[in-house]
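**Student:** Sequence and predicted structure are below.
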Amino acid sequence: MAGIPIFYSDELGKFDLGEGHPLTGSRFRYFMALLDRAGLLKDCDVISPIPASDDDLLLAHTPEYLDRVEGLRKSGGWLSIDTPVTAGATEAQRLIAGSALQAARLILDGKRDVAHTFGGFHHAGRDFGEGFCIFNDVAIAAKALVERDGLKRVLVLDTDAHQGNGTMDIFYNDPRVLFISIHQDPKTIYPGKGFVWETGEGEGKGFTVNIPMPPLSGNANYIQAYEAIIEPLARAFKPEFFIRNGGSDPFYADDLTMLGLDLDGLSMVSRRTRDLALGTAGNLLDMTVSGYGDWVSYGWLAQFCGSEALATDYKSFSPKQPRRAPATTEDSLFRATAGMLESLKNELRADWKCF
Ligand SMILES: [Zn+2]
């Protein structure tokens, strides 16, 4: 039997945004070592990514933006306050975008149902880069599926703690790509976008769906959101292709966010996503890149086990999870989540019969 496809090469380690930057290039290598330690690497087919061409990048970005990035790559400089353009990061981002295209091809050709890439650079829009993101690999893959392969319905589910403002920008008018983002309430975190009323424009009206979770939302609150919105919506949309933009920054001890999933929660979200993706589109392109602090690899392992439905005891390969504040707010979190989900349904009712 063919192994689990995972797109990786040591070249990804060139993703270096400078000393002290939270998006560390070492994360990829650490995770591969952890997969090995957990006895899972032997079940994987590790595939070397091929860099995306300019034509590939132009699927999601404007020619002027590519010129700007190229200029900054040569001269040095910043796309935004948190996003320096370095030669290494640009090269690694091309590899990551290329791996998304290769993984999509592998699935489209019927060679695999599920494939994994180290991606999810969802803060890069058509003509802007920010939030550590230069090229939007998620959007490039989704655009290729609709523009080059002629698919009519691609679903992108973004479970990163931050809202995918770049992906939203690229597909805001496009009904071929249903973009669902579940993230920490944008009133409390970068990028300050992703409110319930941002639902798309023109032909794309109803095809952008934002689920802003209250800070500290944990495993039970994510189940509320999956049951109320994500699962019925995906079934109604009937995607031909399912992309998940993951990452472990919804982990409760993440350095940059304030959500409340533990390792079991990260795994559960991935497992539910897998079941939904295979039950609707029959496939899943699973991407992961985020996570800040000491828990990145362990969060990724929990996710990986969920999205592959593996029985591996991922916690036995992790340190003891850090203490968390006592959960005195569970009732109020449940009510706040339910209230948000109800107002989101009200926004979506005109466009979706399932609500
Ligand atoms: Zn994030």
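**Tutor:** The structure has been received and is ready for your questions. In this text the structure is predicted, and so the values were computed from the model without any measurement. Numbers count the residues shown, from 1 in each chain.
**Student:** can you map out the strands along the chain?
**Tutor:** 4-7, 44-47, 78-80, 83-84, 114-117, 154-158, 177-184, 208-213, 241-245, 284-287 (DSSP state E).
**Student:** out of these, which comes closest to the ion?
**Tutor:** strand 177-184 (7.9 Å; CB to the ion). From N, CA and C alone the C-beta is placed, and that goes for glycine too.
**Student:** Direction included, what does that closest one pair up with?
**Tutor:** Sheet pairing of strand 177-184 (DSSP bridges) gives strand 154-158 (parallel), strand 208-213 (parallel).
**Student:** I'd like the average pLDDT over the longest one.
**Tutor:** Per-region confidence: strand 208-213 scores 98 on mean pLDDT.
**Student:** Stretch 17-36 too?
**Tutor:** Averaged over stretch 17-36, pLDDT sits at 87.
**Student:** Mind checking if that stretch is in reach of the ion?
**Tutor:** No: figure legend: stretch 17-36 not in contact with the ion (CB under 5 Å from the ion); closest approach 9.5 Å.
**Student:** That stretch: end-to-end distance?
**Tutor:** 27 Å (CA to CA, to the nearest Å).
**Student:** Check stretch 126-146 too.
**Tutor:** Start-to-end, stretch 126-146 (CA to CA) is 16 Å.
**Student:** again with stretch 205-219
**Tutor:** The first-to-last residue distance of stretch 205-219 comes to 30 Å (CA to CA).
**Student:** what's in contact with the worst-scoring helix or strand of the chain on mean pLDDT?
**Tutor:** Within the chain, no helix or strand scores below strand 83-84, which has a mean of 84 by mean pLDDT, DSSP states H and E. For strand 83-84, the external contacting residues (CB atoms under 8 Å, 6 or more residues apart in numbering) are 17-18, 21, 76-78, 129-134.
**Student:** Next, format the strands of the chain as a markdown table and append mean neighbour count and distance to the ion.
**Tutor:** Output for the strands of the chain, formatted as a markdown table (neighbours: other CB atoms under 10 Å; distance: least, CB to the ion, whole Å):
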| stretch | mean neighbour count | distance to the ion |
| --- | --- | --- |
| strand 4-7 | 22 | 20 |
| strand 44-47 | 16 | 25 |
| strand 78-80 | 15 | 15 |
| strand 83-84 | 20 | 13 |
| strand 114-117 | 26 | 16 |
| strand 154-158 | 27 | 9 |
| strand 177-184 | 26 | 8 |
| strand 208-213 | 26 | 13 |
| strand 241-245 | 29 | 9 |
| strand 284-287 | 28 | 12 |
